[in-house]
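Student: quick one: sequence and predicted model below, then my questions.
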Amino acid sequence: MNDLAPLLTPEGRALLDAVRGTAPADELAVATRLRREHPAELVSAALGQARLRQRAAAKFGAEDAERMFFTPNGVEQSTRASVAAHRAERMKALGVASVADLCCGIGGDAIALARAGIRVLAVDRDPLTAAVARANAEALGLAALVEVREADVTEVDTGGYDAVFVDPARRGGRGRIFDPEAYSPPLSWAVGAALRAPHGALKVAPGIPHEIVPAGAEAEWISDGGDVKEAVLWFGTEPGAVRATLLPGPRTLLGAGLPDPRVRPVGRYLYEPDGAVIRAHLVAEVARDLDGGLVDETIAYVTADTLRPTPYATAYEITDRLPFNVKKLKALLRERGVGILTVKKRGSAVEPEELRRKVKPQGPNAATVFLTRVAGAPTMLVGHPVLVAHPA
């Protein structure tokens, strides 16, 4: 799809309605039928858009995705709607009424900001991407709050805006870019842009090293449904603060600058911290709240003798502890009648699928095995998840 305009015509919109929900196996037959009355290129574009909308439903929800327009990169790189809504609510709580959204992509963040009642200048230098962002604002009834501009973000005057949000491109011709200074635009430029407004937010990869987070920034790691999605550097909020935010919720754990937790023997319960907690280096805060310690100084598993509610980690009751030995594990699982086996690993080179093939679980029962290190020794911990209600 190199030109959005034909899809915005009455004929294009009618075709989009006609191909909505088309299954991949039916595309050839649908295309053949529609090409009898419509240009082949337009039919192909409509079917391509239908495929992108189906993919985008996981990020944007089916209702919005069926009305929006996408590019392949836009689906892949856009912010998940729940994460964008969280950021927009934070902006709103800060009193932000206007945002310059630089590197806006297909407009996911601009949409969330506008829905929070915030006026947005959305900027992208790619003509097609900017056109898609404009079409999305119109499709969702937000055009009055979203101005889309095709321009180089480094040449845009953001004066007069309450906040600047920058989402630099973190992919190149060879895939993901891990050096923040190789982002487009570079992180150093984005920091400068954020500092020129009362408030700023920069979307960065969750693997950003803590040591390169600017001293005046607040760093927030965000997960959604247990999956780490991104990190955000905030300016004009709490300099030096570190937090992990879990969605839905949100639930936020604020760093207290604690030292590393002590290592202790494996207790009755094992807690697996949420990925955002681990990325934010806040495992110590979780261990404190659970009155627990680490199974190994290099492993982010917390162990404790008592079961306590926490939204920041998943609890497991440990029933068996074995030195790493596949034959012993296979015998134990056979004895317990375990046919549903979940394999988790941290600090082990063994691949879960490889282990599952070797032990050949059979039976009606379920178990979880952790491949990890305990006090430096390769160990298998066997148990099962424990559901525990945590405070609202």
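Tutor: Ah, there it is. Only a predicted model underlies this, so the values are computations on that prediction, with no experimental measurement involved.
Student: what's the closest non-adjacent residue to residue 313?
Tutor: residue 271 (4.0 Å; CB to CB, 6 or more residues apart in numbering). C-beta coordinates here come from the backbone N, C-alpha and C atoms, glycine included.
Student: list the contacts for that neighbour?
Tutor: By CB atoms under 8 Å, 6 or more residues apart in numbering, the contact set of residue 271 is 286, 290, 292, 301-304, 310, 313-316.
Student: now do the phi/psi pair for residue 102.
Tutor: Main-chain torsions, residue 102, degrees, to the nearest 10: phi -100, psi 140.
Student: equivalent analysis for residue 243, please.
Tutor: The phi and psi values for residue 243, taken as degrees, to the nearest 10, are phi -140, psi 150.
Student: ok, back up a step: could you export the strand or helix carrying the residue nearest to residue 313 as CSV, CA atoms only?
Tutor: Take DSSP states H and E as the rule and residue 271 turns out to sit in strand 269-273. Extracted in CSV, the C-alpha atoms of strand 269-273 (Å, rounded to 0.1, in the frame of the first residue of the first chain):
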residue,chain,number,x,y,z
TYR,A,269,6.8,-20.3,48.0
LEU,A,270,8.5,-19.0,44.9
TYR,A,271,7.5,-15.6,43.5
GLU,A,272,8.2,-14.7,39.9
PRO,A,273,8.3,-10.9,39.6
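Student: quickly list what the residue nearest to residue 313 is bridged to.
Tutor: Here residue 271 sits in beta bridges with residue 302, residue 315, going by DSSP bridges.
Student: now the stretch 251-392 of the chain, which segments are flagged as low pLDDT?
Tutor: 389-392 (pLDDT under 70).
Student: quick one: residue 111 is in a helix?
Tutor: Yes - according to DSSP: H, G, I helix; E, B strand; the rest coil, residue 111 belongs to a helix.
Student: surely it touches residue 138?
Tutor: No - judged on CB atoms under 8 Å, residue 111 makes no contact with residue 138 at a distance of 11.1 Å.
Student: of these two, who's got more company?
Tutor: A count of neighbours by other CB atoms under 10 Å puts residue 111 above the other of residue 111 and residue 138, at 31 against 16.
Student: how many neighbours does residue 180 have?
Tutor: For residue 180, the neighbour count with other CB under 10 Å is 21.
Student: assess the claim that it and residue 211 are in contact.
Tutor: No - between residue 180 and residue 211 there is no contact under CB under 8 Å: 11.5 Å.
Student: how about the residue most central in space within the chain, what does it touch?
Tutor: The residue lying closest to the centre of the chain (CA atoms, centre = their mean) is residue 229, at 1.7 Å. When contacts are counted by CB under 8 Å, 6+ apart, residue 229 touches 79-80, 83, 206, 222-223.
Student: so which of those is the most crowded?
Tutor: Counting neighbours by other CB under 10 Å, the top entry in the contacts of residue 229 is residue 222, with 29 neighbours.
Student: no further questions, thank you.
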